[in-house]
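Trainee: Coordinates only, no sequence provided:
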């Protein structure tokens, strides 16, 4: 069995080195060109699929009026009520009041950061 690099000289001449570099450069450009061709053809396929005329469909009935989504302040009690209903699994409950607090996780994080600093 012959070694893989049996034909490569230990000390190539200048022309052999230039030839080796030129072949390597040509191989790199060939592979990049093949990748570019593949990507271009793939893109053309997706473009044609997207621009393909769709068959005329029956006119869709007019959609029913969708109520507007509640504001964030109105949605929070509904979410909390749903969470309580799931947690209590059918037991009777009554939510008396939901009041937002001014302290949030961000303000608690700021408080901890400021309390960790040394006052001069």
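Mentor: Yes, it's here. Keep in mind the model is a prediction, meaning the values are calculated, not measured.
Trainee: Downstream of the lowest-mean-pLDDT helix or strand in the chain, the next helix or strand is which one?
Mentor: Within the chain, no helix or strand scores below helix 72-88, which has a mean of 79 by mean pLDDT, DSSP states H and E. Downstream of helix 72-88, the first helix or strand assigned by DSSP states H and E is helix 105-116.
Trainee: quick one, phi/psi of the spatially closest residue to residue 80 that is not a sequence neighbour?
Mentor: Nearest residue to residue 80 in three dimensions, chain neighbours excluded: residue 98, at 6.1 Å (Cβ to Cβ, 6 or more residues apart in numbering). For the C-beta atoms, the positions are set from N, CA and C on the backbone; glycine is no exception. When read as degrees, to the nearest 10, the backbone of residue 98 gives phi -130, psi 120.
Trainee: Residue 98 against residue 77, yeah?
Mentor: Yes - with contact defined as Cβ atoms under 8 Å, residue 98 counts as touching residue 77 (4.9 Å).
Trainee: More neighbours: the two, which one.
Mentor: residue 77 (13 against 9; other Cβ atoms under 10 Å).
Trainee: can you tell me how far that one sits from residue 83?
Mentor: Separation of residue 77 from residue 83 (Cβ to Cβ, to the nearest Å): 11 Å.
Trainee: do the same with residue 116
Mentor: 34 Å.
Trainee: Those two: who's more crowded?
Mentor: Of the pair residue 116 and residue 83, residue 83 is the one with more neighbours under other Cβ under 10 Å, namely 10 against 7.
Trainee: Domain map for the protein?
Mentor: Per automatic domain parsing, the structural domains of the chain span 13-52, 72-116.
Trainee: weakest of these in terms of mean pLDDT?
Mentor: Ranked by mean pLDDT, the domains of the chain end with domain 72-116 at the bottom, a mean of 79.
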